[in-house]
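S.K.: Need coordinates for the below:
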Amino acid sequence: MVSQSYTATFLLFARFFFISRSISAVHSPPRLNATTNDLDFIRTSCNATLYQDLCFNSLAGYAPVVQDSPARLAKIATGVSLSKAKSTLAFLSMLSRSAAQVQDCVSYLDEAVGSIRDSLRTLRSLSRGGGVAAAASSSDETFSSQVNDVQTWMSAALTYEDTCTDGYEEMDEAGGIKTTVYDRVNTLKRFTSNALALVNTYGNTGAP
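M.R.: Model prediction:
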């Protein structure tokens with residue numbers, strides 16, 4: 001029985017490795033030539049995050065698209081976070097088939113994915129409106145409200161991710177399950193935290 005369990009776990013890991021490679025290929029940053037100014041903007045913006053190296057390394061490939069736009073940077077960072085959340089959820093969902101104790105974490109990550117997806121949807125549709133002076137105040141209020149919604153959802157995603165790992169604090173290590181879950185989800189937390197920080201920067205600047 002023990003041998004069969006290890007074999008099943010190995011097959012799940014092997015299957016996920018193939019899927020994660022496919023996901024990585026789909027969500028790789030565009031291979032475009034970036035100017036020094038574009039890269040400097042990414043690097044400077046990442047100074048506002050907790051995980052600056054991860055921020056720059058994961059977003060530098062998008063520099064030609066971002067240029068100097070806090071709005072585009074916030075959207076792309078949130079999109080990268082969503083891709084990471086989806087791949088982490090897919091991995092843990094497969095792992096839960098042979099490790100029932102992972103199921104609660106899967107449920108929390110499913111909620112996190114939903115929150116990040118809502119954030120990205122709002123960021124993509126968010127606009128400060130036109131240049132009509134009479135509508136400026138209303139437009140500003142709408143922008144502020146939408147950014148607040150995104151901040152709330154991204155914060156909720158972080159809370160769901162934290163709750164996932166909190167459930168393993170008192171759990172004994174079992175076949176590497178605890179370490180595997182911790183490593184995967186803690187990496188996801190860093191992506192989500194960075195995206196939230198860049199959303200906060202966008203909200204403060206209000207740049208289109």
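
S.K.: could you point out where this protein is predicted with low confidence?
M.R.: 1-34, 127-138, 169-175, 206-208 (pLDDT under 70).

S.K.: helices or strands up against the helix or strand harbouring Thr192?
M.R.: Here Thr192 sits within helix 177-205, counting by DSSP states H and E. When contacts are defined as 3 or more C-beta pairs under 8 Å, 6 or more residues apart in numbering; DSSP states H and E, helix 177-205 packs onto helix 36-46, helix 52-59, helix 70-95, helix 103-125, helix 136-166. For every residue, glycine as well, the C-beta is placed using N, CA and C.

S.K.: tilt between it and helix 52-59?
M.R.: On the basis of axes from the mean of the first three to the mean of the last three C-alpha atoms, to 10 degrees, helix 177-205 is oriented at 80 degrees to helix 52-59.

S.K.: buried sites along helix 177-205?
M.R.: By 16 or more other C-beta atoms under 10 Å, the buried positions in helix 177-205 come out as 177-178, 180-181, 184-185, 188-203.

S.K.: now the angle between helix 136-166 and it, please.
M.R.: Per the same axes, to 10 degrees, the angle that helix 177-205 makes with helix 136-166 is 170 degrees.

S.K.: Could you tell me how far the most centrally placed residue in the chain is located from Glu141?
M.R.: Nearest to the geometric centre of the chain sits Ser81, at 1.6 Å (C-alpha atoms, centre = their mean). Separation of Ser81 from Glu141 (C-beta to C-beta, to the nearest Å) stands at 27 Å.

S.K.: and what of Leu82?
M.R.: Distance from Leu82 to Glu141, by C-beta to C-beta: 27 Å.

S.K.: next one: Ser155
M.R.: Separation of Ser155 from Glu141 (C-beta to C-beta) stands at 21 Å.

S.K.: Of those two, give the one with the bigger neighbour count.
M.R.: When Ser155 and Glu141 are compared for neighbours, Ser155 comes out ahead with 16 against 10, by other C-beta atoms under 10 Å.

S.K.: Quick check: that one touching Leu196?
M.R.: Yes - look at Ser155 against Leu196 with C-beta atoms under 8 Å: they come within range, at 6.6 Å.

S.K.: count of neighbours near the nearest residue to Ile76 once chain neighbours are set aside?
M.R.: Computed as C-beta to C-beta, 6 or more residues apart in numbering, the closest residue to Ile76 that is not its neighbour in sequence is Tyr62, at 4.9 Å. Neighbours of Tyr62 under the rule other C-beta under 10 Å: 22.

S.K.: can you check the one 5 residues further on too?
M.R.: Gln67 sits with 15 neighbouring residues when counted by other C-beta under 10 Å.

S.K.: now that we're looking at it, how far away is Gln103 from it?
M.R.: Using C-beta to C-beta, we find Gln67 at a distance of 43 Å from Gln103.

S.K.: distance of the residue nearest to Ile76 from Gln103?
M.R.: For Tyr62 relative to Gln103 (C-beta to C-beta), the value is 35 Å.
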